[in-house]
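**Student:** Got a sequence here, can you model it:
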Amino acid sequence: MSGEITLRGYHDGDLNAMFRLDEACFEEPFRFTHAAMRRFAESRKARVVIAESNGELAGFAILHVEGRVGYVVTLDVAEDFRRQGLALRLMQAMEQQAVEAGCAVVGLHVFMGNEGAIQFYERAGYKRGGEVSGFYGEGFNAWVYRKKLETQNLKR
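**Tutor:** The predicted structure follows:
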């Protein structure tokens, strides 16, 4: 696929495409049900960034804001758009959304066996803070990552 990628906010018609992309990106137990995706994307706490190319969903990210803490619920990039910097663009957009919402920190969980995601988040400035046993279900533990936000380093 080719074409310029644009970032925008969530629209009501995005949910089914987001759910299908999440199914393509993640295996059980890491993917969301359709109902869970709706709850996460449409929550009052949610900030959603959609990446589109030629009208097609290239990726998306969901951030929840809780006081001064932002939490990255998920980051999904379609296979045809990987390794082109889109995940980083989505993360930077999420961090900007967090700053605008008054957050000082962004956190997330990563499956301990997902080396690619671990390397990505560490390159993006996230620091490992601990682990959660069974976060994704029995035997599927997660690392906890956090990043202090520095507003002067975020793109406008």
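**Student:** Name the spans of this protein whose pLDDT lies under the cut-off.
**Tutor:** 1-2, 151-156 (pLDDT under 70).
**Student:** Do a quick rundown of the strands in this structure.
**Tutor:** Here the chain has its strands, by DSSP state E, at 5-8, 46-53, 56-66, 69-77, 105-111, 127-132, 142-148.
**Student:** Would you mark the buried spots in the shortest one?
**Tutor:** Right, strand 5-8. Residues of strand 5-8 classed as buried under the neighbour-count rule (16 or more other Cβ atoms under 10 Å) are Ile5, Leu7. For the C-beta atoms, the positions are set from N, CA and C on the backbone; glycine is no exception.
**Student:** Against Gln96, how distant is the closest residue to Gly130 other than its chain neighbours?
**Tutor:** Leaving aside its chain neighbours, Gly130 sits nearest to Val144 (4.8 Å; criterion: Cβ to Cβ, 6 or more residues apart in numbering). Look at Val144 and Gln96: by Cβ to Cβ, to the nearest Å, they are 22 Å apart.
**Student:** ok, so what distance separates Phe19 from Arg68?
**Tutor:** 30 Å.
**Student:** ugh, wrong one, Arg8
**Tutor:** Arg8 sits 26 Å away from Arg68, going by Cβ to Cβ.
**Student:** doesn't Phe30 make contact with Phe111?
**Tutor:** Yes - counting by Cβ atoms under 8 Å, Phe111 does reach Phe30; the two are 6.4 Å apart.
**Student:** Which residues are in contact with each of the two?
**Tutor:** Contact criterion Cβ atoms under 8 Å, 6 or more residues apart in numbering; residues shared by Phe111 and Phe30: Tyr136, Phe140.
**Student:** Could you tell me which residues within stretch 26-38 count as buried?
**Tutor:** Residues Phe26, Arg31, Phe32, Met37 are the ones in stretch 26-38 that count as buried (16+ other Cβ under 10 Å).
**Student:** Quick check: closest non-adjacent residue to Arg38.
**Tutor:** Leu15 (5.8 Å).
**Student:** Wait, that neighbour touches Ala41, no?
**Tutor:** Yes - contact criterion Cβ under 8 Å: Leu15 and Ala41 qualify, at 6.2 Å.
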